[in-house]
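In: Here is the input, now give the coordinates:
(2 chains)
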Protein chains: 2
Amino acid sequence: MTTDLPLRTQCANALRMLAIDAVQAAHSGHPGMPMGMADIAEALWRHVLKHDPAHPQWIDRDRFVLSNGHGSMLLYGLLHLCGYALPLDELKRFRQLHSLTPGHPEVDVTPGVETTTGPLGQGLANAVGMALAEKLLADEFNRPGHPVVDHRTWVFAGDGCLMEGISHEACSLAGTWGLNKLVVFYDDNGISIDGEVSGWFTDDTPARFEAYGWTVLRDVDGHDPLVLDEAIRQAMASDRPVLVCCQTEIGHGSPNRANTADVHGAPLGEAEIALTRAALGWTSAPFQVPEAVARAWSAAAAGSSRHAAWERRMAAYAEDYPELAHELLRRTAGRTAAAALPASAEAALAEAIRVAEERRAAVATRKASQELLNAVGPQLPELLGGSADLTGSNLTDWKGHRPLTGRGTGNHVHYGVREFGMAAVMNGVALHGGHRPYGGTFLTFSDYSRNAVRMSALMKLPVVHVFTHDSIGLGEDGPTHQPVEHASSLRLIPGLDVWRPADATETAVAWREALRRGDGPSALLLTRQGLPHAGDGFDRTEAIARGAYVLRRPAGERVALLASGSEVGIALAAAEWLAQQGVPARVVSVPCLDRFERQDATYRAATIPRHLPRLAIEAGSSGLWWKHVGEQGDVVGLDRFGESAPAAQLFKLFGFTPEAVAERALRLLPRAHPVHDEALQHVALSAN
Amino acid sequence: MTTDLPLRTQCANALRMLAIDAVQAAHSGHPGMPMGMADIAEALWRHVLKHDPAHPQWIDRDRFVLSNGHGSMLLYGLLHLCGYALPLDELKRFRQLHSLTPGHPEVDVTPGVETTTGPLGQGLANAVGMALAEKLLADEFNRPGHPVVDHRTWVFAGDGCLMEGISHEACSLAGTWGLNKLVVFYDDNGISIDGEVSGWFTDDTPARFEAYGWTVLRDVDGHDPLVLDEAIRQAMASDRPVLVCCQTEIGHGSPNRANTADVHGAPLGEAEIALTRAALGWTSAPFQVPEAVARAWSAAAAGSSRHAAWERRMAAYAEDYPELAHELLRRTAGRTAAAALPASAEAALAEAIRVAEERRAAVATRKASQELLNAVGPQLPELLGGSADLTGSNLTDWKGHRPLTGRGTGNHVHYGVREFGMAAVMNGVALHGGHRPYGGTFLTFSDYSRNAVRMSALMKLPVVHVFTHDSIGLGEDGPTHQPVEHASSLRLIPGLDVWRPADATETAVAWREALRRGDGPSALLLTRQGLPHAGDGFDRTEAIARGAYVLRRPAGERVALLASGSEVGIALAAAEWLAQQGVPARVVSVPCLDRFERQDATYRAATIPRHLPRLAIEAGSSGLWWKHVGEQGDVVGLDRFGESAPAAQLFKLFGFTPEAVAERALRLLPRAHPVHDEALQHVALSAN
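Out: Predicted coordinates:
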């Protein structure tokens, strides 16, 4: 190769060529971004980034987020060259089944990848969460002379990320919170998939970020290493989050494709690759990196040394503050480990469940949720709650909550009216480690945050999404605010546990299960309105945890009623009613359909028996219930939008009353059943 | 009453008191915003707004959008006082079942309500769509001396709207498009539900909007009529969209609640109402408005006169440009009427369907969609397409498309990477009238736009959501980009027709049905990859339109395979395979499950017969299919996230091959069936 090129240029070109070669080999991928951001990556990763390739989970490492995740080959190239456990063979298997190099970066697949990105804007919001987590941990654990938590969060983001609405939500929060250790490199190349962005993206982006309270470095030449060094130096000195606006050329190095949308998402092709090699002075074979360049990239020694220095700091800290050190390590021991709750928390949960079951109080499940937090909160300092401007409605605050606003610290975040931002920030907090995030909004507005909820499931993050006002029970606010399809729609997200508890006990168990879960998110769907206690004296705790259980099993049962949440009480009342008509009815409470479907066949069959006619009752979409009632069964559901009216009227209007449910149940009985016609007539009379 | 108060103040106070009284009567609602924005409403509605209460559908009326929809009583007060068909009795029934005054404003429920609002930020985005529609219609239809389309769009928006990400997407577009007839009054009262916004909303909002290219009027006293008059005058003179930053006091007039979050969303209570009446000098009984004030509010005469002037302009225009006038009236005849397609469009659709069926081409359905647009586009000038920066992937462009970028005009909008903004802008375009909007993104990113899709369904808007790359068939981009739960999750939205066509013919029919639909939105889920032609020589057109139909009905059928989209071809191949094993299999194509479920019981039973064992095949969530296969049936679905790999490998990995499907079908046959074990063995062998 042309060794008279500066080493730094050669290092950047190595990233370019690995991306070009891998995309070409895969016949698929995005070379334009890696080629455009290679110089920035070189400046950051070879000279500044604090990391130890041998220990990608080192808790005080800098976090790096590739928010424009389609440029994944840039990150894979970096990880490979720096010395992470990502061999060249995996780069050659870019985008192939079960490789370590999927099309977009995926956390827990590739060592060194901090978050799964691709859905634009969300990586940036995850990074805001990571920087928040770092700040809160530093506030909580650092002591004078002991900066054991002291790292930065770096982000690469493109035009797409900054056009997305979530960038507004997350970056506004970052400014408010004063996250000065967050630095975002904006790949301002003027091109998006449809072409030159001047036709659809005319924001004065620097001014916009200044309006958020960020430091903005304008017009930074994204291809000049010295300029980049200086920008990074300035960024690290800022007392605010920093946007580094890098003027770059997409596909930099490609004679014919640079600065065009063509280079964004398609292989260059052999001919253009040859021209690009010549233009870059790159003479090595595909996937080969000259030894001097490879050596220059290795971060093993520097990483190991930095990591060792931190270990020494940590040892000194442990000497002076043994309890704090122990707690810091407990809190940051990894996502799965974090799910192993302290014994005191388990005890508090058990006690809260016992008390809820004993009190038999009629209570809204959002209120029961708050009571559970009151009980367990003191034992779980890692809880980081919050609400998207509905704190007093979601009841996510608790006695020991400390509001986090502005540049302050706390354990309950006022996210403002930013549902999507909240969910993606929570994902970042969970990815960072050290906190267990939960956050609330109305269930209807899970629509706003939906893809971040999906991402928490895809990444298996222990995030708790608190969604209150979970049905027409919300009442007068009307159909815009009344969830109908949302419970079922969330159940469809693979790996998300959707809980819709029926009373305080079920709520407490749902929280316990959500907190115990280290390998995925949970959604708690809670009522605005009070619900009667559903238990009947037996210990339901482990039954609830299985997702569905028999709440009422009379002798000679002839029909089964399945229900969740606020409809369980209606089902119980309907069963009483049916009993009076001589029709014993089983009642099955289904607080978590996802959990139940993971139980073994024996438990499932024993709980929802096929030999009984079955009626499901839920104030929402009926579709998913047919699997459990069969085609001979029926569903009292709501497959239309709600109405604005007091809740009690709506439940009646839409058939969610004991009498109406009983009537539907009776219709399932075999015609020959002697009680049938008489009881139906009785229902008809009482309904008048 | 204290008649020495200026009439304008009294007029504003009438709005305040109606809101206070109605919220109190309902024991529910939001008095704070109406009290805070009453003076702005007075300045706009009594002095500037162009409308005719007797004709709320007058096409050249100004549009008014209450984006902070929780302040609905402000709008109801305005409509009542101005003389819309909204009697006082309806205000007394605020938030009651089937009243004309639901908790949040709902279009088509209350005369004069232009869009359904409540989910924050979306009203603002709808307004951007309305202003875009006005601009495009004016560009297309106005002629020198004939400004027949010349109206404005006015918006009230609060802190919540501006915190939401969608405000970034929509307002960035409004700036790029130069929508100078859009004026937004920002209710800058410093309070949101959680309290003083200074803790979570520290944006320099004026600077932010200047960065979008808006004119910003800062520090406007929102309680001073003369200041407001001047601001409105300036706003109307701007060549850009305008943000009027109004300093207001939430709950203005309430001695103890003003400027607190308490007044946001709860009744004042009798005691505070008494104090407020005194403070406002208001002596009338609840719900009573002094005659002089009522008279001052009436907009009947002025509205009628302005409307008549426009009718005269329209008559002169019709004289000079009869064809244009006719076309303008056709295009703006209302949403339901707009669904009555011109005969030429119907003919083009019929021909396109015939050609698709004859060609029998193997084609990706996204490509088939583009071909349909090529065929029908020239006959439907009202089509307003677009894509969220994926034009070349969604193939929403067509031969006659004219890109709309910057301040230009066109019929295909480059929305940039703004899925939610696009969907909400399309809702606004549809609400305004004159265009039939459609827009594309990847199906996965329907998550981003989901609540706007829901709103298009709730408002029954004829919007077409084009979602391509509809499964793991997307391939290498991996699980972040591969929809799994999305088809089913969209089907759960009441009133949304979700089409997943299997070939070019089904795609063309789906488009026809979507375009014919005047009373609701449609989603077209289209493949990236090519699909074989599914038809078998008979005319499927009307069968497809019913949502499901029998594609293959062999003699002696023993099993039924149900499939949608890309899995129909697999089902057909599996049926061939089964036929060779002596197991005749029916194949049912299900392009639109929603439609099918609306068919009568006879058609449903004839199409998906209960007497046959049934297997459903869809590369997505299995849950909704159990209703149609029964508990004796089975579903080949995908209830986990995908993987990054070439599509063909993924279909095989997840069991979507003819052989694997055939095997699953065979397992449904009664054990006693002689062919069973032999055929299964054969499958097992061939799978090796």
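
In: What separation do you get for the nearest residue to residue A:225 once chain neighbours are set aside and chain B?
Out: In space, and not counting its chain neighbours, residue A:225 is closest to residue A:8: 4.7 Å by Cβ to Cβ, 6 or more residues apart in numbering or on different chains. (Glycine included, C-beta is placed from N, CA and C.) Applying Cβ to the nearest Cβ, to the nearest Å, the value for residue A:8 to chain B is 32 Å.

In: Residue A:8 - how many residues pack around it?
Out: Neighbourhood size, residue A:8 [other Cβ atoms under 10 Å in any protein chain shown]: 18.

In: average pLDDT across the strand or helix carrying it?
Out: Using DSSP states H and E, residue A:8 falls within helix A:7-26. When pLDDT is averaged along helix A:7-26, the result is 98.

In: Quick check: closest non-adjacent residue to the residue nearest the centre of chain A.
Out: Centroid-nearest residue in chain A, with Cα atoms, centre = their mean: residue A:456, separated by 2.6 Å. Spatial nearest neighbour of residue A:456, excluding adjacent residues (Cβ to Cβ, 6+ apart): residue A:521 at 4.0 Å.

In: ok, now which ones touch that neighbour?
Out: Contacts for residue A:521 (Cβ atoms under 8 Å, 6 or more residues apart in numbering or on different chains) come out as A:453, A:456, A:457, A:461, A:462, A:463, A:464, A:465, A:495, A:496, A:497.

In: Which phi and psi values does it adopt?
Out: phi -90, psi 160 (degrees, to the nearest 10).

In: The closest residue to residue A:275 other than its chain neighbours in helix, strand or coil?
Out: Excluding the flanking residues, the one nearest residue A:275 by Cβ to Cβ, 6+ apart is residue A:255, at 4.8 Å. Classification of residue A:255 by DSSP: H, G, I helix; E, B strand; the rest coil places it in coil.

In: confidence score at residue A:255?
Out: 97.

In: what about it, distance to residue B:234?
Out: According to Cβ to Cβ, to the nearest Å, residue A:255 stands 51 Å off from residue B:234.

In: For the closest residue to chain B within the stretch 101-250 of chain A, which non-adjacent residue is closest in space?
Out: Residue nearest to chain B within the stretch 101-250 of chain A: residue A:165 (2.4 Å; Cβ to the nearest Cβ). Nearest non-adjacent residue to residue A:165, counting by Cβ to Cβ, 6+ apart: residue B:165, 2.4 Å away.

In: Have a look at residue A:255 and residue B:234 and say which one is more surrounded.
Out: In this view residue A:255 and residue B:234 are compared by other Cβ under 10 Å, and residue B:234 has more residues nearby, 15 against 12.

In: for chain A, where's the lowest mean pLDDT among helices and strands?
Out: In chain A, the helix or strand scored least confidently by mean pLDDT, DSSP states H and E is helix A:675-687, which has a mean of 55.

In: residue contacts, residue A:298?
Out: Going by Cβ under 8 Å, 6+ apart, residue A:298 touches A:81, A:82, A:83.

In: can you pick the most crowded of those?
Out: The residue in the contacts of residue A:298 with the most neighbours, by other Cβ under 10 Å, is residue A:81 (27 neighbours).

In: dump the residue contacts of it.
Out: Counted by Cβ under 8 Å, 6+ apart, residue A:81 has contacts A:11, A:14, A:15, A:18, A:289, A:294, A:297, A:298.

In: quick one: low-confidence parts of the stretch 401-550 of chain A?
Out: For the stretch 401-550 of chain A, no stretch is flagged by pLDDT under 70.

In: can you pull out the helices in it?
Out: A:419-432, A:446-458, A:486-491, A:504-516, A:541-545 (DSSP state H, counting those that start in this stretch).

In: Name the stretch among the ones you listed that sits most buried.
Out: For those, average neighbour numbers computed from mean count of other Cβ atoms under 10 Å in any protein chain shown are highest in helix A:419-432, which has a mean of 30.

In: by contact count, what packs against that helix?
Out: Applying 3 or more Cβ pairs under 8 Å, 6 or more residues apart in numbering or on different chains; DSSP states H and E, one finds that helix A:419-432 contacts helix A:122-141, helix A:165-177, strand A:383-387, strand A:436-442, helix A:446-458.

In: okay, the last one in PDB with CA atoms only?
Out: By that I understand helix A:446-458. Provided in PDB are the C-alpha atoms of helix A:446-458 (Å, rounded to 0.1, in the frame of the first residue of the first chain):
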ATOM      1  CA  SER A 446     -48.200   3.100  24.600                       C
ATOM      2  CA  ASP A 447     -48.800   3.700  20.900                       C
ATOM      3  CA  TYR A 448     -46.400   6.600  21.100                       C
ATOM      4  CA  SER A 449     -43.700   4.600  22.700                       C
ATOM      5  CA  ARG A 450     -44.400   1.300  21.000                       C
ATOM      6  CA  ASN A 451     -41.200   0.800  19.100                       C
ATOM      7  CA  ALA A 452     -39.100   1.500  22.200                       C
ATOM      8  CA  VAL A 453     -41.200  -1.100  24.100                       C
ATOM      9  CA  ARG A 454     -40.500  -3.500  21.200                       C
ATOM     10  CA  MET A 455     -36.800  -2.700  21.400                       C
ATOM     11  CA  SER A 456     -36.800  -3.400  25.200                       C
ATOM     12  CA  ALA A 457     -38.200  -6.800  24.300                       C
ATOM     13  CA  LEU A 458     -35.800  -7.400  21.500                       C
END
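
In: if I look at the residue nearest to residue A:225, how far off is residue A:96?
Out: Residue A:8 is 32 Å from residue A:96, by Cβ to Cβ.

In: Equivalent analysis for residue A:365, please.
Out: Applying Cβ to Cβ to residue A:365 and residue A:96 gives a distance of 46 Å.

In: Could you do residue A:435 as well?
Out: For residue A:435 relative to residue A:96 (Cβ to Cβ), the value is 36 Å.

In: my read: residue A:479 touches residue B:458, true?
Out: Yes: at 5.9 Å, residue A:479 counts as touching residue B:458 under the criterion of Cβ atoms under 8 Å.

In: Overlap in contacts, those two.
Out: Shared contacts of residue A:479 and residue B:458, defined by Cβ under 8 Å, 6+ apart, are found at residue A:641.

In: Get me the contact residues on the stretch 1-150 of chain A for chain B.
Out: A:26, A:28-29, A:69-70, A:95-99, A:102-104, A:106, A:116-120 (Cβ under 8 Å from any Cβ of the partner chain).

In: ok, now with 7 Å
Out: A:26, A:28, A:95, A:96, A:97, A:102, A:103, A:104, A:116, A:118, A:119, A:120 (Cβ under 7 Å from any Cβ of the partner chain).

In: Mind pulling up the pLDDT for the fourth one?
Out: Same thing as residue A:96. In this model, residue A:96 is scored at 98, pLDDT.

In: That one: what's its closest spatial neighbour, skipping adjacent residues?
Out: That would be residue B:645: by Cβ to Cβ, 6+ apart, it lies 5.9 Å from residue A:96.

In: before we move on, the earlier item: and the two most separated of the residues of the stretch 1-150 of chain A next to chain B?
Out: A:97 and A:120 (25.0 Å; Cβ to Cβ).

In: And those two? Which one has more around it.
Out: Higher neighbour count among residue A:97 and residue A:120: residue A:120, with 29 against 15, using other Cβ under 10 Å.
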